[in-house]
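In: Make a model of this:
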Amino acid sequence: MAKLRSSEIAGLIKQQIESYKSELKTDSVGTVIRVGDGIAIVHGLDDAMSGELLDFGSDIYGMVLNLEQDQVGVIILSQTTTIKEGDTVTCTGLILEVPVGEELLGRVVNSLGIAIDGKPAIVAKKTRAVEQKASGVMARQSVSEPMQTGIKVLDALVPIGRGQRELIIGDRQTGKTSIAIDTIMNQKDQDVICIYVAIGQKESTVRNVVEVLEEAGAMPYTIVISASSSLPAPMLYLAPYAGVTMAEEFMYSGKHVLIIYDDLSKHAVAYRELSLLLRRPPGREAFPGDVFYLHSRLLERASKLSDEFGGGSITALPIIETKEGDISAYIPTNVISITDGQIFLQTNLFYSGIRPAIDAGNSVSRVGGAAQTKAIKKVSGTLRLNLASYRELEAFTQFGSDLDESTKTTLERGRRTVEILKQGLHENLTVGQMTFALASLKDGFLDDVKIEDVRRYESELYSFLETDKSAKALKDSINQTGKYPAEEDVKDVLTRFSRQFA
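Out: Numbers count the residues shown, from 1 in each chain. All right, here's what the predicted structure looks like:
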């Protein structure tokens, strides 16, 4: 075998050097130095981003929540029992995303968009990052379309518009969730997609909600996100952000979305738990200093987009639970200041049989009046003042029995107002039905009806609106246009019905 000359060897080496390709790969790797209930502290991840997914191995992932000088605080997106100190953690370079799109409609999913209803896995075509910047002022327009709840007292006194954020607040067991569910049921055939986010609820409660929605035929346009009380705090923390991310996909496609957060009190408590475990400095009532930002960045994502951006909207109905009706507590005042009004439910009203137990004095809608249908606005103009006068006189008359005629008239009208505003559970009404019911009160047709007969009067009036040809035509016209017909036409229908009722 001939020996290679030195020039040939040098040529071969030079050729190999020229053809050599560097495939050096670097990974940002850290070490777990502390692990707790749903959280881990990791040292060594200098390149980690806020909201980035970290790989703990064995299909366990976490999300970066705290960025500190020499360590990062991570929330774990599954059970933490297999993670221990000294484990290796790797950056993925990915921000947490959830599946979005129509594939999720009619399904019950967890905070990561994974189906938990026992049906086939969801195969979504798109995903979106959970943390998104809210639409800017120039991309929005003022609220102008009504979001009908089908509940008389709400649509008349506390109207909600598409793109609004209206808080539902009250003690536990006062009907907060019932109002939200009725509102979802009322969106049937209204071209509105609904998302119900259950935060910290019992799994049996969520199941009951799903069954009610299925019976009402509301599930085909609804997504239910369940972060039950049995799950670790990170899943409760992520649930509302996952919900609004799914809603944004529809909004930016020009569609209208209604999202319910039930409830943000438990969301704040879950965030407090995570923050204290991550050793963030506690502030008032042990909540961290940025707890206001927790809910403001969530609720700011609800909006009505301008026409050039598709004109879609997200209407948010957050729920807050109070203690003994104290709306001046820390979290309630935070959320009241973020939202465009509140629906306040009072325990005393609820247990006295007035349902929905809405306190007209403390309930307000700051923008919904601009989106209220003309028909409802026409018949509900003096409703709030009449109720306020009645409540004041009712308290006053407990101390004396001598009443003048004017006071007696106000009291009688007030009692009938309270009675006509009562509504059964899941008994949603159309705009036409509400208009005639409230017109019968406004125009004095209920004045001669006994208090105990008011609900029967209302029920038979709705039947009359279906059976009488001219009355039905008038009701259908109101439903389609939202406009109040000629005064004499409405009075003619109510006069004919009142004669028949008498």
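In: part of a helix, is Arg384?
Out: Yes. Residue state for Arg384 (DSSP: H, G, I helix; E, B strand; the rest coil) corresponds to a helix.
In: so Arg366 sits right up against Gly341, yeah?
Out: Yes. Checked against Cβ atoms under 8 Å, the pair Arg366 and Gly341 is within contact range at 4.7 Å. Every residue, glycine included, has its C-beta placed from N, CA and C.
In: Other residues contacting stretch 391-399?
Out: Stretch 391-399 is touched from outside by 361, 403, 407, 410-411, 414, with contacts defined as Cβ atoms under 8 Å, 6 or more residues apart in numbering.
In: Could you rerun that using 6 Å?
Out: Here stretch 391-399 makes contact (Cβ atoms under 6 Å, 6 or more residues apart in numbering) with 410-411.
In: Just the C-alphas of that stretch, formatted as CSV.
Out: In CSV, the C-alpha atoms belonging to stretch 391-399 read as follows (Å, rounded to 0.1, in the frame of the first residue of the first chain):
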residue,chain,number,x,y,z
ARG,A,391,-89.3,51.0,49.3
GLU,A,392,-89.1,54.3,51.2
LEU,A,393,-92.8,54.5,52.0
GLU,A,394,-92.9,50.8,52.9
ALA,A,395,-90.3,51.3,55.6
PHE,A,396,-92.1,54.5,56.8
THR,A,397,-95.6,52.9,57.0
GLN,A,398,-94.4,50.3,59.5
PHE,A,399,-94.5,53.1,62.1
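In: Show me what counts as buried in that stretch.
Out: Residues of stretch 391-399 classed as buried by neighbour count (16 or more other Cβ atoms under 10 Å): Leu393.
In: Show the average pLDDT along it.
Out: In this model, stretch 391-399 carries a mean pLDDT of 76.
In: how far does it sit from the chain's center?
Out: Its chain's average C-alpha position is 37 Å from that of stretch 391-399, according to Cα atoms, centre = their mean, to the nearest Å.
In: ditto for stretch 128-143
Out: The chain centroid and the centroid of stretch 128-143 are separated by 16 Å under Cα atoms, centre = their mean.
In: Give the residue spans of the stretch 251-400 of the chain that score low on pLDDT.
Out: 398-400 (pLDDT under 70).
In: where do the helices sit along it?
Out: Taking DSSP state H, counting those that start in this stretch as the test, the helices found in the stretch 251-400 of the chain are 264-277, 291-299, 330-338, 347-351, 374-379, 383-396.
In: Just the buried residues of the shortest one, please?
Out: In terms of neighbour count (16+ other Cβ under 10 Å), helix 347-351 has its buried residues at 347, 349-350.
In: likewise stretch 464-482?
Out: Going by neighbour count (16+ other Cβ under 10 Å), the buried part of stretch 464-482 is 464-465, 468, 471, 474-475, 477-478, 482.
In: swap in stretch 494-502?
Out: Across stretch 494-502, burial judged by 16+ other Cβ under 10 Å covers 494, 497-498, 501.
In: Same question for stretch 277-289.
Out: 277-278, 280, 287-288.
In: Identify all contacting residues around that stretch.
Out: In contact with stretch 277-289 (Cβ under 6 Å, 6+ apart) are residues 36, 39, 66, 73, 272, 275, 330.
In: So for that stretch, first residue to last residue, what's the gap.
Out: End-to-end distance for stretch 277-289, by Cα to Cα, to the nearest Å: 15 Å.
In: got any ranges where the stretch 1-150 of the chain has weak pLDDT?
Out: 1-10, 12-13, 17, 20-27.
In: What segments of it are helices?
Out: The residue ranges that make up the helices of the stretch 1-150 of the chain, judged by DSSP H, counting those that start in this stretch, are 6-19.
In: The stretch 401-502 of the chain now?
Out: 405-420, 431-442, 454-467, 469-481, 487-501.
In: tilt between the second one and helix 487-501?
Out: Read that as helix 431-442. In this structure, helix 431-442 runs at an angle of 80 degrees to helix 487-501, with axes from the mean of the first three to the mean of the last three Cα atoms, to 10 degrees as the basis.
In: Helix 431-442 to helix 383-396, inter-axis angle?
Out: Computed with the same axes, to 10 degrees, the direction of helix 431-442 lies at 50 degrees from that of helix 383-396.
In: How about the fourth one?
Out: With the same axes, to 10 degrees applied, the angle from helix 469-481 to helix 383-396 works out at 110 degrees.
In: Quick check: mean pLDDT of helix 469-481?
Out: If you average the pLDDT values across helix 469-481, you get 95.
In: rewinding a little: TSV please, covering the helices of the stretch 251-400 of the chain and showing distance to Arg140.
Out: Listed next are those as TSV, based on distance: least, Cβ to Cβ, whole Å:
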stretch	distance to Arg140
helix 264-277	22
helix 291-299	14
helix 330-338	16
helix 347-351	35
helix 374-379	24
helix 383-396	28
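In: and those helices, which is most packed in?
Out: Per-residue neighbour counts averaged over each of these give the maximum for helix 264-277, namely a mean of 22 (mean count of other Cβ atoms under 10 Å).
In: At which residues are the strands of the stretch 1-150 of the chain located?
Out: In the stretch 1-150 of the chain, the segments counted as strands under DSSP state E, counting those that start in this stretch are 29-35, 39-43, 52-57, 60-67, 71-76, 88-95, 97-100, 108-109, 126-129.
In: ok so, going back, quick one: which of the buried residues of stretch 277-289 is nearest Ala268?
Out: Nearest to Ala268 among those: Phe287, at 6.6 Å, using Cβ to Cβ.
In: Tyr330 versus the closest one, what's the distance?
Out: Counting by Cβ to Cβ, to the nearest Å, the gap from Phe287 to Tyr330 is 7 Å.
In: do Lys408 as well
Out: Relative to Tyr330, Lys408 is positioned 44 Å away (Cβ to Cβ).
In: More neighbours: which of Arg366 and Gly341?
Out: Neighbour count, other Cβ atoms under 10 Å: between Arg366 and Gly341, Gly341 has more, with 19 against 14.
In: burial of the residue nearest to that one when sequence neighbours are not counted, as a residue count?
Out: Closest residue to Gly341 in three dimensions, ignoring its sequence neighbours and counting by Cβ to Cβ, 6 or more residues apart in numbering: Ser365, at 4.1 Å. Neighbour count of Ser365, defined by other Cβ under 10 Å: 23.
In: check contacts around Ser365.
Out: If you count contacts by Cβ under 6 Å, 6+ apart, Ser365 has them with 158-159, 341.
In: Name the nearest residue to the residue nearest the centre of the chain, ignoring sequence neighbours.
Out: When the chain is reduced to its mean C-alpha position, the closest residue under Cα atoms, centre = their mean turns out to be Ile260, at 2.0 Å. Closest residue to Ile260 apart from its sequence neighbours, by Cβ to Cβ, 6+ apart: Ala180 at 4.4 Å.
In: CA atoms only for the host helix or strand of that neighbour, dumped as PDB, please.
Out: Here Ala180 is covered by helix 176-185, with elements defined by DSSP states H and E. What follows is helix 176-185, C-alpha atoms only, in PDB (Å, rounded to 0.1, in the frame of the first residue of the first chain):
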ATOM      1  CA  LYS A 176     -76.300  34.600  40.900                       C
ATOM      2  CA  THR A 177     -75.600  31.500  38.800                       C
ATOM      3  CA  SER A 178     -79.300  31.200  37.900                       C
ATOM      4  CA  ILE A 179     -79.200  34.700  36.300                       C
ATOM      5  CA  ALA A 180     -76.100  33.800  34.300                       C
ATOM      6  CA  ILE A 181     -77.600  30.400  33.100                       C
ATOM      7  CA  ASP A 182     -80.900  32.100  32.100                       C
ATOM      8  CA  THR A 183     -79.000  34.600  30.100                       C
ATOM      9  CA  ILE A 184     -77.100  31.800  28.300                       C
ATOM     10  CA  MET A 185     -80.400  30.100  27.600                       C
END
